[in-house]
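In: coords please:
(one chain, ligands or ions: 2)
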Amino acid sequence: MTIQQPDVATRTAVRLIDLHKSYAHDALPVYAVRGVSFALARGSFTAVMGPSGSGKSTLLSCAAGLDTPTRGQVVIGDRDISTLSPDALTRFRRDHIGFVFQAYNLVDHLPVIDNITLPVVLAGREPDVARLDELVEVVGLGGMGRRLPGELSGGQAQRAAIARALFTRPDVVFADEPTGALDSRTADHVLELLRSTARELGQTVVLVTHDPKVAAAADRVLFLGDGVLVDQLDDPTAEQINTRMLGLGR
Ligand SMILES: Nc1ncnc2c1ncn2[C@@H]1O[C@H](COP(=O)(O)OP(=O)(O)OP(=O)(O)O)[C@@H](O)[C@H]1O
Ligand SMILES: [Mg+2]
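Out: Numbering: from 1, shown residues only. Ligands and ions are numbered 1, 2, ... in the order given. Here you go, the predicted structure:
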């Protein structure tokens, strides 16, 4: 690994160094991610694209410390999370990382507000009620805080999941296809929420998407093909992204 200047290192929010992840499947290994390295600046908004099965979700899970790489390092801020014990990693994730799952992962028997504060409550801390009220409004769920997830539409549930990921003001927010199940108007709203988060709070956002229009909102698009980083585009248009994706045989 090359030695970084201190100022460069502190402005980097996420660094992946030669990340590999394979799964044992019927005794045959599946190489989901095969040596990915990149560095993302603090406050940046990055989209990850690639055909189905190209390793996007695996990459995101490893980068967020939800899954353990087979080889390589994940550095969040100045912390190499690959070296943390499971307990230390759980604490680090709680304080520094937000994750929006494709399938929302809300707890069915808890109302929206309790879903949002759950990670903080589980950590034995007192949730910031003013922050909760503000966030419920910001994601457009005003008046719905007492509803159960089953009483929300898909878009509303996704916004509750985003509020949960943003609640602790994490340094980095990872989102796996947060707009995949939404109609285009709701998707725009969710996207604007994530983008304004990156801009105004200096948070770093990494988002997986299949939608070139969504990816065009990012500062940078990373393209994965068969577990390898095959290309990147900075400030691309949806047309440029579309062309690149067609080249990857999506
Ligand atoms: N738990 C697992 N066990 C075995 N193989 C897995 C597991 N999870 C993922 N894989 C395999 O790893 C590869 C990458 O999967 P991944 O879910 O990261 O792809 P993806 O790019 O997110 O795809 P999609 O766009 O369909 O969500 C695929 O070949 C997949 O079958
Ligand atoms: Mg996926």
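In: which non-adjacent residue is nearest the one residue sitting closest to the centre of the chain?
Out: Nearest to the mean C-alpha position of the chain, by C-alpha atoms, centre = their mean, lies residue 174 at 1.1 Å. Distances taken as C-beta to C-beta, 6 or more residues apart in numbering place residue 64 nearest to residue 174, at 4.5 Å, with adjacent residues excluded. All C-beta spots, glycine's among them, are computed from the backbone N, C-alpha and C.
In: gap between that neighbour and residue 143?
Out: Counting by C-beta to C-beta, to the nearest Å, the separation of residue 64 from residue 143 is 31 Å.
In: looking at the two, which is more packed in?
Out: A direct count of neighbours by other C-beta atoms under 10 Å for residue 64 and residue 143 places residue 64 higher, at 24 against 8.
In: from residue 165, how far off is the more buried one?
Out: 10 Å.
In: which residues do these two both contact?
Out: Contact criterion C-beta atoms under 8 Å, 6 or more residues apart in numbering; residues shared by residue 64 and residue 165: residue 99.
In: in terms of helices and strands, where is the residue in the chain that ligand 2 sits nearest to?
Out: Closest residue of the chain to ligand 2, C-beta to the ion: residue 57 (3.1 Å). Of the helices and strands defined by DSSP states H and E, residue 57 is found in helix 56-63.
In: for the protein, which residues score under the pLDDT cut-off?
Out: Where the chain drops to pLDDT under 70, the residues are 1-10, 249-250.
In: that one against ligand 2: which residues are in contact?
Out: Taking C-beta under 5 Å from the ion as the contact definition, the chain meets ligand 2 at 56, 57.
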